[in-house]
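1. Make a model of this:
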Amino acid sequence: MQKIKLSRPNERTPLVREIYTADPSAHVFNGKIYIYPSHDFAHDCPDDDNGDQYIMQDYHVLSMDSLDSECIDNGLALSEDDVPWVKNQMWAPDCVCKNGRYYLVFPAKDYNGQFHIGVAVSDSPVGPFKPQENFIKGSYSIDPAVLVDDDGHTYCYYGGLWGGQLEMWQSGSFDPNAHRPEGDEPALGPMFAEFNDEMDAFITEPKHLQILDENGEPLKAGDEDRRYFEGPWMHKFNGKYYLSYSTGTTHYLCYAEGEKPDGPFTYKGRIMEPVLGWTTHHSIVKIGDDWYLFYHDCELSGGVTHERCVKYTKLNIHEDGTIDTIIPYEFER
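-> Just a heads-up that it's a prediction; the model follows:
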């Protein structure tokens, strides 16, 4: 496997400049930082609400010994050509370590044009990954984020509106013309399911999670500053569960707090104001004694929405779990 040494990164600067990367899922495995991004390709296709401009075809894994060290591109980890059921659009992935093995969890479109979630396995955190023969039965939509809880249970959070097809499955089967909740109708939350120990099946029926307002009422579809759109992430802090996500159309990263891994979750505030580009996608990870936010913007391409770059910044989490809002292009020193 070819490893490419890249420039030494700094906070809020691109980790990778040789390729376009986005949607970073960051983890610490065996004391080392690994980032699992999607891989943008430069092209001239116009943007649309269906996301056809995001033609990602493979995954590269990035790694750093520390936040002050060089970032390494560990080469091709998995390609759409490796996965029998995948036609195209391998979007935002995640990776977890269980039983000494590494499981890359990823979305892609099948030959019917429907997004599902697949899993590929490796003995190394940088791959190469060997895909399971088929996608996870009962899975659909995009943006899987996986939490291995303190008791060993493994939960998958996923789903995205519009091009992510989340609203197209409300009836239990795929309907591209399904009604999109709007106005005062309850907003759709992300999906939740539990993986088995082998990471090749869900052992619970997938369900929508509830995100509530300060009065205990479900957020409304028209509340675009707070309602869920895509890019879920889950971190734990002082025994509580924190669901964070992108609002999509209004370009915020927000978070909500819950007592259980499947909620319900109460909206708490914004993590990050809008970045350069259409939206952002993130992960939250503890490195040493501090918490960090990994995210992307379009700095390298000057704002081209499908040519993005991965960055990180320190995250301030208070003892009560509240998170300071980051203004992405201002620094506090």
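2. Pro181 - nearest residue in space that isn't next to it in sequence?
-> Spatial nearest neighbour of Pro181, chain neighbours left out: Ala221 (3.9 Å); criterion: CB to CB, 6 or more residues apart in numbering. C-betas here are computed from N, CA, C, even on glycine.
3. thinking that neighbour is in contact with Glu167, fair?
-> No. Ala221 lies out of contact with Glu167 (CB atoms under 8 Å); the separation is 9.6 Å.
4. shared neighbours of these two, which are they?
-> Shared contacts of Ala221 and Glu167 (CB atoms under 8 Å, 6 or more residues apart in numbering): 180-181, 188.
5. so which of those is the most crowded?
-> Leu188 (23 neighbours; other CB atoms under 10 Å).
6. check contacts around that one.
-> Contacts of Leu188 by CB under 8 Å, 6+ apart are 159, 161, 166-167, 170, 181, 208, 221, 228.
7. one more time with 7 Å
-> 161, 166-167, 181, 208, 228 (CB atoms under 7 Å, 6 or more residues apart in numbering).
8. Count the neighbours of Tyr36 for me.
-> 29.
9. On the three-state scheme, Cys254 is what?
-> Following DSSP: H, G, I helix; E, B strand; the rest coil, the label given to Cys254 is strand.
10. what's it in contact with, if anything?
-> Counting by CB under 7 Å, 6+ apart, the residues that Cys254 touches are 226, 244-245, 247, 267, 269-271.
11. Leu147: which of those residues is nearest?
-> Set against Leu147, the nearest of the contacts of Cys254 by CB to CB is Ser244 (12.0 Å).
12. tell me which element the closest one is part of?
-> According to DSSP states H and E, Ser244 maps onto strand 240-246.
13. Who are the packing partners of that strand?
-> Applying 3 or more CB pairs under 7 Å, 6 or more residues apart in numbering; DSSP states H and E, one finds that strand 240-246 contacts strand 230-237, strand 253-258.
14. okay, the ones you listed in CSV with mean pLDDT and distance to Lys109 next?
-> Listed next are the helices and strands packed on strand 240-246 as CSV, based on pLDDT from 0 to 100; distance: least, CB to CB, whole Å:
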stretch, mean pLDDT, distance to Lys109
strand 230-237, 98, 16
strand 253-258, 98, 26
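15. Redo these as CSV? Include distance to Asp94.
-> Output for the helices and strands packed on strand 240-246, formatted as CSV (distance: least, CB to CB, whole Å):
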stretch, distance to Asp94
strand 230-237, 9
strand 253-258, 16
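16. among the helices and strands of this structure, which one scores worst on average pLDDT?
-> When the helices and strands of the chain are scored by mean pLDDT, DSSP states H and E, strand 4-5 comes last with a mean of 54.
17. who does whichever helix or strand comes after it pair up with?
-> The first helix or strand that comes after strand 4-5 along the chain, using DSSP H and E, is strand 20-29. If you go by DSSP bridges, strand 20-29 pairs up with strand 32-40 (antiparallel).
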